[in-house]
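**Student:** can't give you the sequence, but here's the structure:
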């Protein structure tokens, strides 16, 4: 797969959520996991020892995090916001960092303002932050796999036409 992606939580409330999200990040080949505003201590939810495979970086303030984003990496906010695009209609960029907020406050206004895009998941209520992040990462991976399969199919058609 082309590109890279990371995921993080701004002002997480529960260390268990970070452990679960870290495990998901590892399962879907994320490049990085971040926390902003609150540190994380290893949890029993990290049963696959994701910490050995996906680095975790902590930032004390959002501006520090924003300044450390890789060149041309799009910041994608996952948020209940009237401006947010539904996840099912969202095309994931090649280089992205997905940022979630705490379940009770969401993303800060500063984070929302810096996001290149805001996306919202389907449903009537907010989800657990680890569940929401897991859904977003699964959607990204499935979308990339679908695009790669279509490309392989198109290349196969061209090769068959050239050899007949």
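**Tutor:** Great, that's in hand. Keep in mind the model is a prediction, meaning the values are calculated, not measured.

**Student:** all contacts plus neighbour counts: C-alpha atoms, from now on.
**Tutor:** Will do.

**Student:** helix or strand for residue 99, which one?
**Tutor:** According to DSSP states H and E, residue 99 maps onto strand 95-101.

**Student:** For that strand, name the packing helices and strands.
**Tutor:** strand 4-10, strand 74-78, helix 129-163 (3 or more CA pairs under 8 Å, 6 or more residues apart in numbering; DSSP states H and E).

**Student:** Any chance you could list what contacts that strand?
**Tutor:** 3-12, 72-79, 106-108, 129, 133 (CA atoms under 8 Å, 6 or more residues apart in numbering).

**Student:** Buried by neighbour count, from the residues you listed: which ones?
**Tutor:** 5-12, 73-79, 106-107, 129, 133 (16 or more other CA atoms under 10 Å).

**Student:** Could you look up the SS state of the closest residue in space to residue 134 that isn't next to it in sequence?
**Tutor:** Leaving aside its chain neighbours, residue 134 sits nearest to residue 24 (6.0 Å; criterion: CA to CA, 6 or more residues apart in numbering). The three-state label given to residue 24 by DSSP: H, G, I helix; E, B strand; the rest coil is helix.

**Student:** which residues does residue 119 bridge with?
**Tutor:** residue 78, residue 85 (DSSP bridges).

**Student:** unless I'm mixing things up, it is touching residue 85, no?
**Tutor:** Yes. Here residue 119 reaches residue 85: they are 4.7 Å apart, a contact under CA atoms under 8 Å.

**Student:** neighbour count winner among the two?
**Tutor:** Each of residue 119 and residue 85 has its neighbours counted (other CA atoms under 10 Å); residue 119 has more, 22 against 17.

**Student:** For the more buried one, give me its contacts.
**Tutor:** So residue 119 contacts 76-80, 84-87, 90 (CA under 8 Å, 6+ apart).

**Student:** cool, residue 11 as well?
**Tutor:** Applying CA under 8 Å, 6+ apart, the residues near residue 11 are 35-38, 101-102.

**Student:** What sits closest to it if chain neighbours are left out?
**Tutor:** Nearest one to residue 11, counting by CA to CA, 6+ apart, is residue 37 at 5.0 Å.

**Student:** Help me confirm that that neighbour comes into contact with residue 64.
**Tutor:** No. If you go by CA under 8 Å, residue 37 and residue 64 don't touch, sitting 10.2 Å apart.
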